[in-house]
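Engineer: show me how the following folds:
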Amino acid sequence: MNDPASQAQAVERFVAPLIDQLRRHPKRVVFSDGEDLRVIRVAERLVKAEAVVPILLGDVVKIRSMAKENGVNLTFVKVLEPRRASDFELFCQRLDKIERYRGVEGAAVEERVAKPAVFGSLMVQYGQADALVGGNQSLPAALFRAFLQCIKPLPHVPKMFGMTLLSAPHLPNFGENGLVFLADTGLLPEPTVEDLASIAVETGRLARHMLGREPTVALLSHSTMGSAATAPARKVAAATGLAKEMAASAGLEIFIEGEVQADVAMDPAAAEVKLQGTGQRRSADVLVFPNLDAGHIALKLLQHCGGAVAFGPLIRGLARPVAQVPRTASEDAIFGTAAAVAVEAIKYHELYPDGEV
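Structural biologist: Got it, this is the predicted structure:
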C-alpha cells in the first residue's frame, strides 16, 4: 500500500510538531553526504521552514552547480569541503590525539578527517553542529565506523543501536497518534538481556520527550507472560524485568511490559482476550524486538506493505544526536529525519541531565 495521500498525511503528522519546536529553537544539522539532490532540496525546505541551519559536506562547486541546475536556493545553507574548512587542522590534531590514546594505528589522519562522515562526526562532537544525518550515499558500515571513532559513547548504554520512527495514521492500532518507535532496526544481530533492557529504556526515554507523555514500551516475543516456556521468551522476560528496574532507578516516566506478543502490544481487543483483567489498555508506542532479524523484517513489511513512512534510524548510545538514513530514502524521509535529530538536540540536556559525557 503506497497511497500518496496516506503517505503525505503520515509525513505531515510526524513532521509538523517537530518543525513547530524547531522554529523556537533552530539547530545546526550537518549532512555528511551533501552531494545529493535530495539533500540539497531538503536543505532548502529546512531553511524555508525556519527550522534548521543546514550544513552540506562535499565538493562546494559540485553542490552549488547541482542546486543552480535544479532551481534550488541555497541562501542560508552552509556548504563545506572538509579539506578546505577552517577546522580541518584542528580536527586532525584532535583525532590524532584520540587515536594515540586508544593505541590505534592506521592511514594518515588527514586522509580520515577529509572523509565527510568523519569530518561531520567531529563537527558534532566538538560543537560545530548540533546533529548529523548521513548514509544517503554511503554504506552504513563506513558511517557507523566514523561515529564510533569520533563521538563519545554514553557510559550507561552498553552498545550503539538503531531506532526507527514509523508514521502510519491510516493503520488501526498503530500507537496512540499513528506513530510508533521500533528498536533495534539496524545494528545488533543478537542482543543480550542487558542490551534489550537498555534499548527499551533509551528508546522509551526519547519517546517520552518526543510525545510529551508517558509512553508504553513493549518487549516483543512469540510468548505472552509465560505462555511459551522457551529460552528466547525467558530472555525477553528477563530483559523486561531489568528494564523496569533501570527506568525506576532513573526516575523515568515509562510504562514497560513484556514479554508480549505483537497483537497484545498493539491491539487492546486482543490483549483483553489474552490478558484478562488487566484493565483499559492502549496501543504500544515503542516496540522492542528480540533480535535484528525480527526488527528489520517488521520495519520493511510495515513500510512496503502497510504504507508506513519511516524516519531514521536514529542512532542511540552516543553523546550526540546522529542518524543513518538508507540510500533509498525519499526526500520526505530525509527531511523528517533531520527534523527528528534536531529536536533531539533541543532535548539533549533534558534527556541527559547529568551534563556532558
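Engineer: and the protein, what are its domains?
Structural biologist: 1-153+318-357, 159-315 (automatic domain parsing).
Engineer: lowest-confidence stretch among those?
Structural biologist: For the domains of the chain, the weakest mean pLDDT is recorded on domain 1-153+318-357, namely a mean of 91.
Engineer: surely Val264 and Gly258 touch.
Structural biologist: No. Between Val264 and Gly258 there is no contact under C-beta atoms under 8 Å: 9.8 Å. For every residue, glycine as well, the C-beta is placed using N, CA and C.
Engineer: list residues touching both of these two?
Structural biologist: Ala218 (C-beta atoms under 8 Å, 6 or more residues apart in numbering).
Engineer: for the closest residue to Leu171 other than its chain neighbours, phi and psi?
Structural biologist: Nearest residue to Leu171, sequence neighbours excluded (C-beta to C-beta, 6 or more residues apart in numbering): Gly306, at 5.9 Å. Backbone geometry at Gly306, expressed as degrees, to the nearest 10, gives phi -100, psi -10.
Engineer: residues near Gly306, how many?
Structural biologist: 16 (other C-beta atoms under 10 Å).
Engineer: need the contact list for the residue nearest the centre of the chain.
Structural biologist: The centroid of the chain falls nearest to Leu314 when counting by C-alpha atoms, centre = their mean (1.1 Å). Going by C-beta under 8 Å, 6+ apart, Leu314 touches 162-165, 206, 321-323, 337, 340-341, 344.
Engineer: out of these, which are buried?
Structural biologist: 162-165, 206, 321-323, 337, 340-341, 344 (16 or more other C-beta atoms under 10 Å).
Engineer: among those residues, name the ones in helices.
Structural biologist: Among the buried ones among the contacts of Leu314, the ones falling in helices (DSSP state H) are 206, 337, 340-341, 344.
Engineer: got JSON lines for the residues you listed, with distance to Ser121 too?
Structural biologist: Output for those, formatted as JSON lines (distance: C-beta to C-beta, whole Å):
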{"residue": "Leu206", "distance to Ser121": "20"}
{"residue": "Thr337", "distance to Ser121": "16"}
{"residue": "Ala340", "distance to Ser121": "18"}
{"residue": "Val341", "distance to Ser121": "13"}
{"residue": "Glu344", "distance to Ser121": "16"}
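Engineer: and the residues you listed, which two are furthest apart?
Structural biologist: Taking C-beta to C-beta as the measure, those span a maximum distance of 13.6 Å, between Leu206 and Thr337.
Engineer: hey, where'd the strands end up in the stretch 251-357 of the chain?
Structural biologist: 255-260, 286-288, 309-316, 322-324 (DSSP state E, counting those that start in this stretch).
Engineer: neighbouring strands for the first one, and are they parallel or not?
Structural biologist: Using DSSP bridges, the neighbouring strands of strand 255-260 in the sheet come out as strand 216-220 (parallel).
Engineer: go on, the second one?
Structural biologist: In the sheet containing strand 286-288, its partner strands are strand 179-183 (parallel), strand 216-220 (parallel), by DSSP bridges.
Engineer: and what of the longest one?
Structural biologist: For strand 309-316, the paired strands and their directions (DSSP bridges) read strand 161-167 (antiparallel), strand 322-324 (antiparallel).
Engineer: redo those as JSON lines? Include distance to Lys48.
Structural biologist: Below are the strands paired with strand 309-316 laid out as JSON lines (distance: least, C-beta to C-beta, whole Å):
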{"stretch": "strand 161-167", "distance to Lys48": "21"}
{"stretch": "strand 322-324", "distance to Lys48": "21"}
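Engineer: which other helices and strands does the strand or helix carrying Ala16 contact?
Structural biologist: Assigned by DSSP states H and E, Ala16 falls within helix 4-24. Contact analysis of helix 4-24 by 3 or more C-beta pairs under 8 Å, 6 or more residues apart in numbering; DSSP states H and E lists strand 161-167, strand 309-316, helix 331-346 as its packing neighbours.
Engineer: how about the residue lying closest to Ile315 once chain neighbours are set aside: which residues does it bridge to?
Structural biologist: Ranked by C-beta to C-beta, 6+ apart and with sequence neighbours excluded, the top spatial neighbour of Ile315 is Val322, at 5.0 Å. Going by DSSP bridges, Val322 is paired in beta bridges with Leu132, Ile315.
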